[in-house]
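Undergrad: quick one, what's the 3D model for this:
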Amino acid sequence: MLINPENLENRLADMEIRYTELEAANHDLSDLVYGQSQEIVDLKARISELESRLKELAPGAVGSLDEESPPPHY
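TA: Prediction:
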């Protein structure tokens, strides 16, 4: 099998193009993952805040059993 230098150059150029495209895709995916990670952190903080607010509201939302009047059908 003869090695054609022009063929090798073309193959090398193709591989460099693929490498550059893969590197760009990797960078884009890395940015996407970072953005999603930040969004997850923000959402966890919001959930924690909502849980705290819910706990604050829960005791006042329903009175104690001693304060509750019997249902109307009694």
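Undergrad: can you give me the neighbour number for His73?
TA: Burial of His73, expressed as a neighbour count using other CB atoms under 10 Å, amounts to 4. All C-beta spots, glycine's among them, are computed from the backbone N, C-alpha and C.
Undergrad: now do the SS call for it.
TA: State at His73, reduced to three classes by DSSP: H, G, I helix; E, B strand; the rest coil: coil.
Undergrad: ok, it to Tyr19 distance?
TA: According to CB to CB, to the nearest Å, His73 and Tyr19 sit 78 Å apart.
Undergrad: and if you look at Gln38?
TA: Using CB to CB, which is the criterion applied here, Gln38 is 29 Å from Tyr19.
Undergrad: next: Tyr34.
TA: Shown here: Tyr34 relative to Tyr19, a distance of 22 Å by CB to CB.
Undergrad: where do the helices sit along this protein?
TA: For the chain, applying DSSP state H gives helices covering 5-61.
Undergrad: can you list the weak-confidence ranges in it?
TA: The chain contains residues with pLDDT under 70 at 1-2, 59-66, 74.
Undergrad: report the central residue of the protein.
TA: Nearest to the geometric centre of the chain sits Gln36, at 3.3 Å (CA atoms, centre = their mean).
Undergrad: show the contacting residues for it.
TA: By CB atoms under 8 Å, 6 or more residues apart in numbering, the contact set of Gln36 is empty.
Undergrad: and the gap between it and Leu43?
TA: When Gln36 is compared with Leu43 (using CB to CB), they lie 10 Å apart.
Undergrad: and for Glu49?
TA: Using CB to CB, which is the criterion applied here, Glu49 is 11 Å from Leu43.
Undergrad: again with Val33
TA: Distance from Val33 to Leu43, by CB to CB: 15 Å.
Undergrad: got it, and Pro5?
TA: The value you get for Pro5 to Leu43, if CB to CB is used, is 56 Å.
Undergrad: same check, this time on Leu32
TA: Applying CB to CB, one obtains 16 Å for the distance of Leu32 from Leu43.
Undergrad: just Glu67 next, same as before
TA: Summarising the geometry, the distance separating Glu67 from Leu43, computed by CB to CB, is 37 Å.
Undergrad: who has more neighbours, the two?
TA: Leu43 (10 against 7).
Undergrad: no further questions, thank you.
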